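# here's a sequence, model it:
(chains A and B)
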Amino acid sequence: MNDIAQSLTKIVGEAYFSDQPEEAYFYARDPGLMPPHKPDYVVVPKRVEEIQEIVRLASREKIPIVPMGAGLALTGLVIPLKGGIVIDMKRMNGIIEVNEGGRYVIVEGGTSQGLLKAYLEKNYPRLRHSIPDSPATATIAANVMIHGQGRLTQQYGFNSDMISGLEVVLASGETCRIGSCAISPDWFSKGAPMPDLTGLFLGWFGATGIITKVAVKLYPRKKLRDVEIFITDREDLIPAMVYELTHTEMVEDINVFAQPKPMIFKDNHHITMFLTGDTDEEIEFKRKMIWHALDGFIKSKDGGFMGVPPVMKPTLLETPQRSVSRFADVKRGGGFEYSGPIIMVDKYAACIHKVIELGEKYDLGYSGMARIIGRSHAMMYGFAFTFNRADPDMMDRTRKALHEVSEFALEAGGIFWKATVDEQKMAMAKMDPNTLGLMKMIKENMDPNGIMNPGNWEVD
Amino acid sequence: MYSLKFDENVCKTCPTGDCLVKCQYLEVEKETAIAEMVKIGQGEDSFVLHDCVTCYACEEYCRRGNHPFYLITERREENGILTSPRAITKQWINIGEPQGKFRLGDVKERVLSFGFMPEFLRWIKGKLFEDVMPSFIFGQEFFCNVVYIHFANTSIIKERLPKVVDNFRKLGVKEVIFLHDECYGAFAHLAPAYGIEVPFKSVHYFEYLYNRLKELKDFIKPLNIRAAYQRPCSSRLSSDKHHFVADIMELIGVDLVEREYQDDNALCCTGIFSMCFGYDLAHDVQKRNIDDMVAHDAEYCIFNCPACQGSIGTQVAKRGIKPIHMIHLCRMAIGEM
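So this is what the prediction gives:
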C-alpha cells in the first residue's frame, strides 16, 4: 500500500477505502454510454472533517478528486476522467433538521431522495420536496448540483431554485456556508438579500467544491393527488395547450410525452398533468378549471382528455415513477440514455420531429418526454433512446443519435442539461467570450491546482 | 362493401319521431324529428349531425328497426363531422388493432367471449361459468369494434368486423356467450344491419346468467339489498335483452330501485362524453345520474359494462353506494363472494 492509500485509509477507516480492481471497475463507469475510466482510489467518508482531510491531501499531492452521489446522471459526470480519488458520499445520508414552520430541511451531501421522501411522509405528512423521477437512490445534493427537476418544477422552477442554503468544502479544504446560514442559524435563503454565491457551485459538477450539506425548501403536501392526460395529434399546438394549463396555476406538474409503443400511445402527444388537493372538492375545482382551460381545443377537435384507466393511475401517480426504469429495458439488456436539453416550450414540435427522425435513422427504440419548467418558462426535453448493452453496434448507433441531438439542441437555442464533457466543450465554444472568461477566472481561483473533478468545465 | 339497411320511407311514415323526441340530450318535437331524419337520409346537413352526443339510445327508441343512430354515424363520417377529438379516435383505433396477442382457453363449440376486456380474465370463475369454462377467447382479434360508432367511424368497423367474424369461424364455434353487451350488439344487431353474416349463435350473458342462476337456485341466498342499475350505451343495441336485469334481480332478491334514470331514460356513464365533449356535459349528466341513485336510497350500483364501472365507480362509491358488476353480484348471491 502506498503513502496515499495509507493516508486515505487513516482518514476514512479500512472498511471505507479501496484501491482494488473490483471497486475500480465499478466506480469507473455510470449507467450511460460514456467510456469508463478507473479511479486510483475510492473512499466513502462519514464526516465533513474526513472530506476536508481528503481534499487537503489531494490538494497537497495534486490528485484529482471526484465527488459522487448515486452516479445516476448517465452523462459521465462522476467518471474520474483523470483517475484520482472518487469520494462516494452515500454514508453522509443524515437528515439534520426539518424546520416545519419555515418549510425547509437540511440534509447531508449524500442523503437520497427516497430517504427524505420516506422520512417526511412518516414524520411530516404535510410537507414534501420536489422529488425527481430518477431512482430513489439519487442524492439531493447531486440533483441540485446538476440543476435537476422534480415534481414541483412547474410551480417553483429547477430543484436548484428551491435550495435555501449550502455547506461546501472548497478546494483548499476549508468549509464554507452559503446563504442565510453564513450569518444566521436559520437556513431560509440561499442568498437574498445578500450576494447569491450558490452560482459558484451549482451546475459546476463538483469542479469548484463539494457539497456537504444542503437545505431545500419544503412545500405543502396535500392529502389527495390525481392525474389527467390530455392528448392531441397536433404537436404544433402543444405550446399553446401548455400555456393555457400553466395559466390556471392549478397544476402540480406537467409532463408531455410521445412514443410509438405501446399502441395506446402511438400517433399522439400526451400532456400528463397532476393535481392535488386536501378534499375532493378542491380536486374537483382544479379539475374543472383545467378542463375548461382546454375547452377550445376540445371543441375544435384538436385534443381531448383520455380516460385514464384506474389500473394505470397507480403507475402514473408513483413518485418517483418506475416506468422510466421499465423503458430502459425495452430492448432488453437494460440500456437507456437520454439527452435532456433545457429549451423553450415553443420548440416542442421541432424536438419531437428530431427524436422520431433519429429513432428511425439509427433504428432505435425512442421516446420523447418534456417536463415543463416554471409557468411555461422552459422545458427539459428528453430525447430518450433504449439499447441493449450486449449489442455494441446498437450502443454505437445510440451515441451517434445523441451526438446529433446535442448539435440540434444547441442550434435550436437550447442548453445542455448535465452536459457531457463533449457537450460542455460545444457549449463553451458557442458561449459569449466574456462569460467564458468569467468562468475561467472563477475556476482558476477556486481550484488553483485543478484537482476538482478535472475534465469538467475546463476553459482552454 | 357492406352498407347500412336504411329505408327513408320508414322515417317519412313514422308516427312518433321517437328516435329524436325521446332523446335526452336534444330538444326535438315530433315534426322536426321526422323532418331531420329524412334530411339526414337524403344526405342533407342537419343540426342532429352536429349535436348528437352518441348515446346510442335512438337505436332503441326507433321501434321500427330503421337504425337512426347508424345512419347519423354514417353521415357524420361521410361529411367529416367529428364527434371526438382526432387524437382520441386514433388512440382507440390503435388500441383495438390486432397484434397477435390474443388468448384462447380450451375452446369448444360453446365459448365465452371476453372481447377485449382484461377484467374478465380475472372475474370469470366459479359455479356460474363452470359448464363453459375454460372455453373462452380474449383479445383484439375477437374485439367487436362497435365502440367506433361513438367516434363517427363506421368504416373501421366494416373493415375489421368481418375479420373478427372470420376469426370466430376458424375456431369452429357454434355458440358464443358475449360478456360485454357491445359485442353482443355487434353480432346480434349491427352485423345484420350491415349485411354481415354471422356463422354462430350469439348469446347475451344476462340470458346466460339468468339460466345458470335458475339451475343453481338451491345455492341462491336472497341478497335483500336495494340497487340501482347503470345501463350502458351499448345495451341500446340489444334492448330485447334488457328485461333480464329485472328477471335476475328477482331471482337473487335484489330490490331494483325505481329511479328516474333507468330503462328508456337511462343516462350515460359519461366516459365517452368527457373524452368527446369536455367537462360540462359529462359533469352534469354524471351528477344527475348519481344524485338520482342517492335520492332513491340505492345501496349498490350494478354495472353491466366494466368501462362504465371504470368511469363512475369511484364517484358512486364516494357517495356511499357500492359499485358492483353484475357478474360479481350474481356470484355474491350464490355465496361465492
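# so which elements touch the helix or strand hosting residue A:11?
Element membership of residue A:11 [criterion: DSSP states H and E] is helix A:3-12. Helices and strands touching helix A:3-12, by 3 or more C-beta pairs under 8 Å, 6 or more residues apart in numbering or on different chains; DSSP states H and E, are strand A:17-18, strand A:41-43, helix A:48-61. The C-beta positions use only the backbone N, C-alpha and C, and glycine is treated the same way.
# could you dump that helix to CSV, C-alpha only?
The C-alpha trace of helix A:3-12 is given here as CSV (Å, rounded to 0.1, in the frame of the first residue of the first chain):
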residue,chain,number,x,y,z
ASP,A,3,1.5,6.5,1.1
ILE,A,4,-1.6,8.0,-0.4
ALA,A,5,-3.5,4.8,0.2
GLN,A,6,-2.3,4.7,3.8
SER,A,7,-3.3,8.3,4.4
LEU,A,8,-6.8,7.8,2.9
THR,A,9,-7.2,4.6,4.9
LYS,A,10,-6.3,6.5,8.0
ILE,A,11,-8.8,9.2,7.2
VAL,A,12,-11.9,7.1,6.5
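# buried residues in that helix, which are they?
Across helix A:3-12, burial judged by 16 or more other C-beta atoms under 10 Å in any protein chain shown covers A:4, A:7, A:8, A:9, A:11, A:12.
# that older thread, single out the most deeply packed of the helices and strands packed on helix A:3-12.
strand A:41-43 (a mean of 25; mean count of other C-beta atoms under 10 Å in any protein chain shown).
# any idea of the mean pLDDT in the helix holding residue A:11?
In this model, helix A:3-12 has a mean pLDDT of 97.
# stretch A:319-326 too?
Averaging the model's pLDDT scores along stretch A:319-326 yields 78.
# which residues sit against that stretch?
With contacts defined as C-beta atoms under 8 Å, 6 or more residues apart in numbering or on different chains, stretch A:319-326 is touched by A:113, A:117, A:131, A:132, A:133, A:134, A:135, A:136, A:151, A:315, A:316.
# now the residues you listed: which count as buried?
A:113, A:117, A:131, A:132, A:133, A:134, A:135, A:136, A:151, A:316.
# domains of the chain?
Went with chain A since none was named. A:3-88, A:95-220, A:224-411 (automatic domain parsing).
# let's do chain B instead
B:8-79, B:87-208, B:216-333.
# just checking, what packs against the longest strand along chain A?
Taking DSSP state E as the criterion, chain A has its longest strand at strand A:378-388. Packed against strand A:378-388 by the contact rule (3+ C-beta pairs under 8 Å, 6+ apart) you find strand A:334-339, strand A:342-343, helix A:348-361, strand A:365-373, helix A:392-411.
# show me what the first one pairs with in its sheet, parallel or antiparallel.
Each strand that strand A:334-339 pairs with, and the sense of that pairing, follows from DSSP bridges: strand A:378-388 (antiparallel).
# and the residue in the stretch 151-300 of chain B positioned nearest to chain A, what is it in contact with?
Of all residues in the stretch 151-300 of chain B, residue B:279 sits closest to chain A, at 3.7 Å by C-beta to the nearest C-beta. Residue B:279 makes contact with A:287, A:288, A:291, A:292, A:295 under the criterion C-beta under 8 Å, 6+ apart.
# and it, how far from residue A:296?
Residue B:279 sits 13 Å away from residue A:296, going by C-beta to C-beta, to the nearest Å.
# what bits of chain A have low per-residue confidence?
Applying pLDDT under 70 to chain A flags residues A:324-325, A:327-329, A:331.
# which residues in the stretch 151-300 of chain B form helices?
Ranges of helices in the stretch 151-300 of chain B, per DSSP state H, counting those that start in this stretch, are B:154-171, B:181-185, B:191-193, B:205-215, B:243-252, B:271-277, B:279-295.
# ramachandran angles for the residue of the stretch 101-250 of chain B found nearest chain A?
In the stretch 101-250 of chain B, the residue that lies nearest chain A is residue B:118 (8.4 Å; C-beta to the nearest C-beta). Here is the backbone geometry of residue B:118 (degrees, to the nearest 10): phi -60, psi -20.
# before we move on, back to that, just put the helices and strands packed on helix A:3-12 in a markdown table and tack on distance to chain B.
A markdown table is the format used below for the helices and strands packed on helix A:3-12 (distance: least, C-beta to the nearest C-beta, whole Å):
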| stretch | distance to chain B |
| --- | --- |
| strand A:17-18 | 48 |
| strand A:41-43 | 47 |
| helix A:48-61 | 50 |
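# just so I know, which of these lies nearest residue B:42?
Within the helices and strands packed on helix A:3-12, the stretch nearest residue B:42 is strand A:41-43; the backing value is 82.5 Å (C-beta to C-beta).
# how far away is residue A:284 from residue A:220?
Residue A:284 is 18 Å from residue A:220, by C-beta to C-beta.
# residues touching the closest residue to residue B:281 other than its chain neighbours, list them.
Once flanking residues are discounted, residue B:281 sits nearest to residue B:273: 5.2 Å by C-beta to C-beta, 6 or more residues apart in numbering or on different chains. By C-beta under 8 Å, 6+ apart, the contact set of residue B:273 is B:53, B:281, B:282, B:285.
# lovely, talk soon.
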